[in-house]
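[1] Fold the following and give me the result.
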Amino acid sequence: QVQLVESGGGLVQTGGSLRLSCAASGRTFSNYVMGWFRQAPGKERRFVARISWNTGSTYYTDSVKGRFTISRDNAKNTVYLQMNSLKPEDTAVYYCAAGPWLTGNTWKYDYWGQGTQVTVSS
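    The predicted structure follows:
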């Protein structure tokens with residue numbers, strides 16, 4: 001049974017930092033792409049960042065470039081999202097996902113976590 005479990009969300013002030021974790025289990029993810037997405041209230045789920053598990057190549061949406069960093073720890077089967085210089089517009093539920101394609105399209109991802117809330121106060 002595949003599981004993606006996010007953790008690390010919380011409440012932070014503008015300019016602060018958080019590190020989200022996504023622990024993956026239940027299958028081999030070595031050929032998969034791991035993505036982070038976010039969904040603000042009343043809005044659709046949107047791509048944030050992705051990383052290829054085997055090559056480590058990364059890609060970010062423009063609004064987080066230079067502030068967020070996605071990484072992975074192969075030994076721990078865990079993907080991270082380091083978020084710095086947080087802004088109120090970063091407030092959302094953040095989801096971890098896994099899929100076989102190098103894409104930011106939500107429908108291309110096969111597995112999803114339950115989400116973790118990130119709230120940035122002004």
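[2] for S21, which residues make a bridge with it?
    As for beta bridges, S21 partners with S7, Y80 under DSSP bridges.
[3] which residues sit in contact with it?
    E6, S7, G8, T78, V79, Y80 (CB atoms under 8 Å, 6 or more residues apart in numbering). C-beta coordinates here come from the backbone N, C-alpha and C atoms, glycine included.
[4] burial of the first one, as a residue count?
    Which is E6. Applying other CB atoms under 10 Å, we find 22 other residues in the vicinity of E6.
[5] could you list every residue that touches it?
    E6 neighbours (CB under 8 Å, 6+ apart): L20, S21, C22, Y94, Y95, C96, G113, Q114, G115, T116.
[6] re earlier: which of the contacts of S21 has the most neighbours?
    Ranked by neighbour count (other CB under 10 Å), these have V79 at the top, with 27 neighbours.
[7] what's the offset of stretch 25-40 from the middle of its chain?
    Relative to the chain's own centre, stretch 25-40 is displaced by 8 Å; criterion: CA atoms, centre = their mean, to the nearest Å.
[8] now it: mean pLDDT?
    Averaging pLDDT along stretch 25-40 gives 93.
[9] and it, which residues are buried?
    Within stretch 25-40, the residues scored as buried using 16 or more other CB atoms under 10 Å are F29, Y32, V33, M34, G35, W36, F37, R38.
[10] which of those lies closest to N74?
    F29 (9.2 Å; CB to CB).
[11] Look up the pLDDT of the closest residue in space to that closest one that isn't next to it in sequence for me, please.
    Take F29 and drop its neighbours on the chain: the residue closest to it by CB to CB, 6 or more residues apart in numbering is W53, 5.1 Å away. You'll see W53 listed with a pLDDT of 91.
[12] Thank you, goodbye.
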